[in-house]
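Asks: quick one: sequence and predicted model below, then my questions.
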Amino acid sequence: RMETDYSPMEMSNNMGFEEDSDYRDFDGADVKDMRLEAEAVVNDVLFAVSNMFVSKILPCAEDVAYINVETRERNKYCLELTEAGLRVVAYAFDQTDDSLQTPYHETVYSLLDSLSPAYREFFGNALLQRLEALKKDSQS
């Protein structure tokens, strides 16, 4: 069972597209644009990795987007983002390897946590600093 934590994908579900008919499929259900989801994922954790961006080479569609990430250890990955979650599809930017059978992660946090000890440390330190700042604010 996957851990559930805050997901940037939950944010973009409420971005006001439901009124715009261009974002609906024929039966009226909301159609997600995975490029928007991918951008939200990148913006959420960019501070804790060396580099991260949505691929401009691999095709984005309503149901899939690709994100390139370089960890603080300088390892490069191409991630696939779908409704199922995120998974590593290659160990290089802008590539997919069909022979790679990597597990899906519900959140970008759990994926990066499994790939990068430096991400885990950096993210944890940022969280501690934020908590210290909140503590100071509440005491003043």
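Replies: Structure received. Numbering: from 1, shown residues only.

Asks: what is the neighbour count of residue 66?
Replies: 24 (other CB atoms under 10 Å). Glycine gets a C-beta too; all of them are placed from N, C-alpha and C.

Asks: and the one helix or strand it maps to, which strands flank it?
Replies: Assigned by DSSP states H and E, residue 66 belongs to strand 65-70. Strand pairing for strand 65-70, determined by DSSP bridges: strand 51-54 (antiparallel), strand 76-82 (antiparallel).

Asks: so which bits of the longest one are buried?
Replies: Which is strand 76-82. By neighbour count on 16 or more other CB atoms under 10 Å, the buried set for strand 76-82 is 76-81.

Asks: and stretch 83-95, by the same measure?
Replies: For stretch 83-95, by 16+ other CB under 10 Å, it's 85-90, 93, 95.

Asks: what stretches of the protein score poorly on pLDDT?
Replies: 1-32 (pLDDT under 70).

Asks: sorry, back to before: can I get the strands paired with strand 65-70 in JSON lines including distance to residue 42?
Replies: Below are the strands paired with strand 65-70 laid out as JSON lines (distance: least, CB to CB, whole Å):
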{"stretch": "strand 51-54", "distance to residue 42": "5"}
{"stretch": "strand 76-82", "distance to residue 42": "10"}
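
Asks: what's the closest non-adjacent residue to the most centrally placed residue in the chain?
Replies: By CA atoms, centre = their mean, the chain has its centre lying nearest to residue 41, at 3.2 Å. Of all residues not flanking residue 41 in the chain, residue 108 sits nearest, at 4.9 Å (CB to CB, 6 or more residues apart in numbering).

Asks: neighbours around the one you found, how many?
Replies: Around residue 108 there are 27 residues (other CB under 10 Å).
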